[in-house]
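Enquirer: Provided below are the primary sequence and the corresponding predicted coordinates.
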Amino acid sequence: MALDFTAIDFETANGSAASACQVGLARVRDGRVVAATGWLIRPPAGHDAFHEWNTRIHGITADDVRTAPGWSAQLPRLIDFIGGDVLVAHNASFDTRVLRAACEATGDDLEPFDYLCSLQVARRVYDLPSYKLPAAAAAAGHAAFAHHDAAADALACAQIVIDAGRRSAAADVRALAERVGVRMARTEPLSRAIAA
């Protein structure tokens, strides 16, 4: 199975999509996770207040990210890990919105990329009472993980798509999307030249 993609997950400091405070990434090659990582991010200025609700969910505080590099400093590392891969995320509209909003807040350029939502895939592949990440990951055989830790969530998301690919005998991510009847999407480019 030639399923190649990168799963991504963000945690945010508050209700602003630009307030990324943690990212998790899992690279998949031929239907196997070959690399996984995650790190804290100091959210962009003006989006850096930590709200109690968010901290209650993921446990990250302003003190935790005080010495972490900011979004602009870490964006090249994030983009380098992704490379030319299709991105996969559970509720991908949220994670792609975080990526774009943080770049808008900092004035960073962002090339377009294709992405697939593992939540939509799970709804087509599994028959579950809930399609939240823990339930869908358990259906994929990945039951115990630290939910709301971005690295653990990215890995769980990857396992859902790997399992769905195996079940549908899809040759790649695009074939998987077609076989289960979900749409691949593509972000718009974001650059200072266009925005000016």
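Expert: Sure, I can see it. Numbering: from 1, shown residues only.

Enquirer: Setting aside sequence neighbours, what's the nearest residue to G181?
Expert: Spatially, and ignoring its direct neighbours in sequence, G181 is nearest to R124 (5.8 Å; Cβ to Cβ, 6 or more residues apart in numbering). In this view, the C-beta of every residue, glycine as well, is placed from N, C-alpha and C.

Enquirer: Helix or strand for the one you found, just tell me which one.
Expert: Element membership for R124, per DSSP states H and E: helix 118-125.

Enquirer: So what's the model's average confidence on the helix or strand following that helix?
Expert: Per DSSP H and E, the first helix or strand lying C-terminal to helix 118-125 is helix 133-139. The average of the pLDDT scores along helix 133-139 is 98.

Enquirer: confidence score at the nearest residue to L133 once chain neighbours are set aside?
Expert: Setting aside the residues directly before and after it, L133 is nearest to H90 in space (Cβ to Cβ, 6+ apart), at 4.8 Å. You'll see H90 listed with a pLDDT of 98.

Enquirer: Hmm, L116 and H90 touching each other?
Expert: No - using Cβ atoms under 8 Å, H90 makes no contact with L116, being 10.5 Å away.

Enquirer: Neighbour count: those two, which is higher?
Expert: Between H90 and L116, counted using other Cβ atoms under 10 Å, H90 has the larger neighbour count: 27 against 24.

Enquirer: what kind of secondary structure is the residue nearest to G59 when sequence neighbours are not counted in?
Expert: Computed as Cβ to Cβ, 6+ apart, the closest residue to G59 that is not its neighbour in sequence is H148, at 7.4 Å. What DSSP: H, G, I helix; E, B strand; the rest coil gives for H148 is coil.

Enquirer: returning to that earlier point: other residues contacting the helix holding R124?
Expert: 7, 88-92, 128, 131, 133, 136, 139, 157, 160-161, 163-164, 167-168, 176-177, 180-183 (Cβ atoms under 8 Å, 6 or more residues apart in numbering).

Enquirer: Now it: average pLDDT?
Expert: Averaging pLDDT along helix 118-125 yields 98.

Enquirer: same check, this time on stretch 96-105
Expert: 97.

Enquirer: How about stretch 145-159?
Expert: 97.

Enquirer: let's number from 689 now, not from 1
Expert: With the count now opening at 689, the last piece we talked about shows up as stretch 833-847.

Enquirer: which residues touch it?
Expert: Residues contacting stretch 833-847 (Cβ under 8 Å, 6+ apart): 693, 695-699, 710-714, 716, 721, 724-726, 745-747, 776-778, 806, 821-822, 825, 828-830.

Enquirer: Please spell out which residues along it are buried.
Expert: For stretch 833-847, burial by neighbour count (16 or more other Cβ atoms under 10 Å) applies to 833, 836-847.

Enquirer: Would you list the buried entries among the contacts of helix 806-813?
Expert: Taking 16+ other Cβ under 10 Å as the criterion, what is buried in the contacts of helix 806-813 is 695, 776-780, 819, 821, 824, 827, 845, 848-849, 851-852, 856, 864-865, 868, 870.
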